[in-house]
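Q: Just to be clear, the model below is a prediction. Sequence and coordinates:
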Amino acid sequence: MKKIWALYKKFEEIVNYLIVGVLTTIVSWAAYALCKLVMDVDNAVMMQIAVIIRWVAGVVFGYFTNRRFVFKSKNPDMLKEAAGFASSRLVTLFLDMFVMWLLPTIFHVNDWIATFISAVLVTVMNYIFSKFIVFRKKK
């Protein structure tokens, strides 16, 4: 058990990021599933609206959980930090929207498979932005 704990402590930030990322993905996919219940996501415009709703749900949940549990930010200027977080996520929203247009529309990939592929790409980019831009430690 001590070895597992030592391993966790060594990679704490990445492990916590992955856990928070899974939870954020669940929140955003739940939002998408709700959209599918009330919207025709086979329509390209409705698909993009659903992606935006999914994104907003993920960003709100993701900011607070990343701030608290992953990067343990003590920045007193939460508004500026949240704006930076949302801005970085806006970049990956466009990546998400592109993937969710390209795979289902052009390559006819199932929208849930496309969502999974997009989530992997977006998660990697979000970590890089969060670690090195939004929550970077002051020297």
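A: Cool, the structure landed.

Q: pretty sure M47 contacts M100?
A: Yes. M47 is within contact range of M100, at 6.4 Å (criterion: C-beta atoms under 8 Å). For every residue, glycine as well, the C-beta is placed using N, CA and C.

Q: and for those two, which residues touch both?
A: Overlap of the contact sets of M47 and M100 (by C-beta atoms under 8 Å, 6 or more residues apart in numbering) consists of D111.

Q: Which secondary structure element is home to the nearest residue to A31 once chain neighbours are set aside?
A: In this structure, A31 finds its nearest non-sequential neighbour in A57, 3.8 Å apart by C-beta to C-beta, 6 or more residues apart in numbering. Using DSSP states H and E, the element containing A57 is helix 44-65.

Q: hey, where'd the helices end up in this structure?
A: 2-10, 12-38, 44-65, 78-101, 111-129 (DSSP state H).

Q: Deepest-packed of the ones you listed, please.
A: Mean neighbour count (mean count of other C-beta atoms under 10 Å) peaks for helix 44-65 among the helices of the chain, with a mean of 19.

Q: Check the average confidence over it, would you?
A: For helix 44-65, mean pLDDT rounds to 92.

Q: how far away is I133 from N126?
A: 11 Å (C-beta to C-beta, to the nearest Å).

Q: Name the residues contacting each of those two.
A: Common neighbours of I133 and N126 (C-beta under 8 Å, 6+ apart) are S88.

Q: Could you list the low-pLDDT ranges of this protein?
A: 139 (pLDDT under 70).

Q: Would you reformat the helices of the chain as JSON lines and include distance to K137?
A: Listed next are the helices of the chain as JSON lines, based on distance: least, C-beta to C-beta, whole Å:
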{"stretch": "helix 2-10", "distance to K137": "18"}
{"stretch": "helix 12-38", "distance to K137": "11"}
{"stretch": "helix 44-65", "distance to K137": "18"}
{"stretch": "helix 78-101", "distance to K137": "13"}
{"stretch": "helix 111-129", "distance to K137": "15"}
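
Q: Ok, which of those comes nearest K72?
A: K72 lies closest to helix 12-38 among these, at 8.7 Å (C-beta to C-beta).
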